[in-house]
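Colleague: The sequence and its predicted three-dimensional model are supplied below.
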Amino acid sequence: MSKRVFGCTGTCDTCRRCRGALFVEDRGRKDSLPITLPEDFYPDGNSEGYGIAFDLGTTTVVGVMADLGTGRITGTAARRNGQAVYGQDVISRIAFAQKGKKELTVLRQLALSTMNEIISELKGSTEVAGKDDRAAGEGIVKVAVGGNSTMSHIFTGHDPRSLAFAPFAPAYTGTWVTDGKESGLDIDEKAVVKVLPSIGGHVGGDITAGILAERLYERKGTVLLADIGTNGEVVLSLDGDMTVCSAAAGPAFEGAAICCGMRDGPGAVNMVSIENDNVMFSTVYGTEPIGICGSGIIDAVAAMSGSGVIDETGRIFRAEEFSKMYPASSLAERIRTGEEGREFVLIYKEDGEDIVITQADIRAVQTAKAAIYAGMMLLLKKSGKTLEDIDEVILAGSFGNRLDKERAVAIGMLPPVDTGKIRDGGNTACAGVLMALLSDKEADKAEEIRKKARQMDLAGEEEFQKGFIEAMSFPK
C-alpha cells in the first residue's frame, strides 16, 4: 500500500519526523449513498411531468428528481440544511422555534431556501433541461418529503415545541398534504406536496420511508434497522411486527462536541488504526488532515481501546501507567495533559494544532454508543428475543453506511453478532420517499406503517437506564 507522511516533504515512513502518523489511501468513499428500491416496486407511470423526493435531514437535505411517467431518476442534488446556523441538532432548533412565531418562520424559510436551491439545480441540470423538453413544459407537479419529526413540523409550519417535553406528542399526525403554492417551494402552483407521516415524537417520516423501502412490515425473522445519528432511531421487526424507539445519541457521530471534530468533508480524518505503534489514518479525498469526523472518531476510540491506551471504563491511562504496562510501546509519548485534561495525540502538525482525542471526546462517544446499543437490546429483550435470534442488522443513513462494522461492534455500539449479518442499507429514507412519490399505493402503505408500528418510550423505561449505564463500558 502506498503511504504518504504528513509533516515532512518526503515519503519515507522511517524518519519518525511524524512520530508514526502515517497517511494511507482512502478506504473507499461513498459520497452519494445508493438508492435501492425493492424488486417488487413499480411506479404508477400514469402522470405527466416530474417529481422530486426530498430527504429533509437535520444536517443534509437530499433531493431526487424523477420522471413521473417512466419512474426514471433524472438527477440528484444535496445541500447542507441552512437551519444549521441555529444549532446542529433538533433540540437546538426546537429551542429557537420556541421563542415565537417569527423564529419558527425563520427556520421554515431556511429549510425552503435549501430545498429551492436543490430544485433550481435539478431543473437546470443538463440531463433534464437539455435532453428532455417535457421538463420545461410540464415542470415539477409532485413532491414527497420525508424527515425526522422536528424537520417535518418546521416544514409544514407546525410548532415543534411539544417534541421537547414528555410525552413528546407531535402537533399533527398522519400524512400532510398541500399544493405547490402553499408549500413555498418553487414548483407548479397546483403540484401535490406530501409529507410522509411520523410514527412518533422522535421517530419521523424518514424512518417510515426506511421501513417502506426495506419492506420490514412483511419481512420474516428478526431484523433491526438502525438510523444512527444525533438522534438514533431503531426499528425491530419480528416477522413484520414492528416496534420503534428513539435514542438521543448526541452530536458526537456528526463530529460535533468533539475537540477536533468536524463534518465529513475534505481533510476530515475518516479512518484510524494503530499498527506496531504507528497511527495510520486516511482523510476524505486524501487531503491534509484538519480535523476528524464521526467514522474516524469511532475508529480512533476502537484503536485506542485495542492498544490498551484506555481501559474498560474509557479512562485514558497516564503516560507513566501505560509505560509500566507496555514498556516496549512508544504510544506513551502520545499521552499528555492538554487544556481539557488528558488527551491522546493522533496526528502531530507542524503548522497548526495537533489532532487529538481528549478524555471528554471518549465520554461523548461512550454516551452516544451506549444509547444506541441499550435501545437495541431493550427492544430485543421486550420482544423475548436474544442476540442469537438476530437475522440481520440494517444500517441506514450517511453515518451508518460509512461506519466500520467491526470497530462499531468492538466498542459496543452494535450488537456482537457476525458482521456478515450487518448490512449497509444505503439511503433508505430517500428510497422510501421516492417510492411514495412515484406510487400512490406506496404512499398509502406509508400511512399503514404509521398506524401499525408501535413506539417504545425509552425515557420511561427503567431497564433502559440500567442498560445504558452498562453499555457505557467498552467490551473486554
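Modeller: Noted; the coordinates are in hand. Numbering: from 1, shown residues only.
Colleague: Identify the residues contacting the nearest residue to Ser307 once chain neighbours are set aside.
Modeller: Spatially, and ignoring its direct neighbours in sequence, Ser307 is nearest to Ile274 (4.7 Å; CB to CB, 6 or more residues apart in numbering). Using the backbone N, CA and C atoms, a C-beta is placed for each residue, glycine as well. Residues near Ile274 by CB atoms under 8 Å, 6 or more residues apart in numbering: 280, 303-304, 306-307, 331.
Colleague: Considering those residues, which possesses the most neighbours?
Modeller: In terms of neighbour count, Met304 stands highest of those at 26 neighbours, by other CB atoms under 10 Å.
Colleague: helices and strands around whatever helix or strand that one lives in, which ones?
Modeller: Element membership for Met304, per DSSP states H and E: helix 294-306. Packing partners of helix 294-306 (3 or more CB pairs under 8 Å, 6 or more residues apart in numbering; DSSP states H and E): strand 268-275, strand 355-358, helix 359-382, helix 405-410.
Colleague: residues making contact with it?
Modeller: 252-255, 258, 261, 264, 268-274, 279, 281, 292, 310, 316, 344, 346, 357, 361-362, 365, 369, 399, 402-404, 407-408, 410-411, 413, 474.
Colleague: For Arg215, which non-adjacent residue is spatially closest?
Modeller: Counting by CB to CB, 6+ apart, the residue nearest Arg215 is Pro38, at 5.5 Å.
Colleague: next one: Ala169
Modeller: Ser162 (5.4 Å).
Colleague: Any idea how many residues pack against that neighbour?
Modeller: Ser162: 17 neighbours (other CB under 10 Å).
Colleague: State the distance from Ile290 to Arg334.
Modeller: Separation of Ile290 from Arg334 (CB to CB, to the nearest Å): 19 Å.
Colleague: Looking at these two, which one has more neighbours?
Modeller: Arg334 (25 against 18).
Colleague: what sits against the more buried one?
Modeller: Arg334 touches 19, 279, 309, 344-346, counting by CB under 8 Å, 6+ apart.
Colleague: Among these, list the two that are farthest apart in space.
Modeller: Arg19 and Val309 (14.9 Å; CB to CB).
Colleague: Between those two, which is the more surrounded one?
Modeller: Val309 (24 against 15).
Colleague: Got the phi and psi for the more buried one?
Modeller: phi -70, psi -30 (degrees, to the nearest 10).
Colleague: That one against Ile316, yeah?
Modeller: Yes: at 6.3 Å, Val309 and Ile316 qualify as touching, with contact defined as CB atoms under 8 Å.
Colleague: So for the two, which residues contact both of them?
Modeller: Common neighbours of Val309 and Ile316 (CB under 8 Å, 6+ apart) are 335, 344.
Colleague: do you know how far Met376 is from Ser113?
Modeller: For Met376 relative to Ser113 (CB to CB), the value is 37 Å.
Colleague: Then the residue nearest to Ala169 would be within a helix, right?
Modeller: Yes: under DSSP: H, G, I helix; E, B strand; the rest coil, Ser162 sits within a helix.
Colleague: buried ones in the helix holding Met304?
Modeller: 294-305 (16 or more other CB atoms under 10 Å).
Colleague: Start from the N-terminal end of the stretch 151-300 of the chain and give the strands.
Modeller: All strands of the stretch 151-300 of the chain, identified by DSSP state E, counting those that start in this stretch, fall at 176-179, 192-195, 222-227, 231-238, 241-248, 268-275, 278-283, 291-292.
Colleague: Just checking: what are the partner strands of the third one?
Modeller: So the one you mean is strand 222-227. Strand 222-227 pairs in its sheet with strand 231-238 (antiparallel), strand 392-396 (parallel), by DSSP bridges.
Colleague: Mind putting those into CSV with mean pLDDT, distance to Thr74 and mean neighbour count?
Modeller: Conversion of these to CSV gives the following (pLDDT from 0 to 100; distance: least, CB to CB, whole Å; neighbours: other CB atoms under 10 Å):
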stretch, mean pLDDT, distance to Thr74, mean neighbour count
strand 231-238, 92, 30, 26
strand 392-396, 95, 24, 24
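Colleague: Now do the same contact list for the residue lying closest to Glu463 once chain neighbours are set aside.
Modeller: Of all residues not flanking Glu463 in the chain, Leu378 sits nearest, at 5.8 Å (CB to CB, 6+ apart). Counting by CB under 8 Å, 6+ apart, Leu378 makes contact with 245, 456, 458, 461, 463-464, 467.
Colleague: Try it again at 10 Å.
Modeller: Counting by CB atoms under 10 Å, 6 or more residues apart in numbering, Leu378 makes contact with 234, 236, 243, 245, 247, 456, 458, 461, 463-468.
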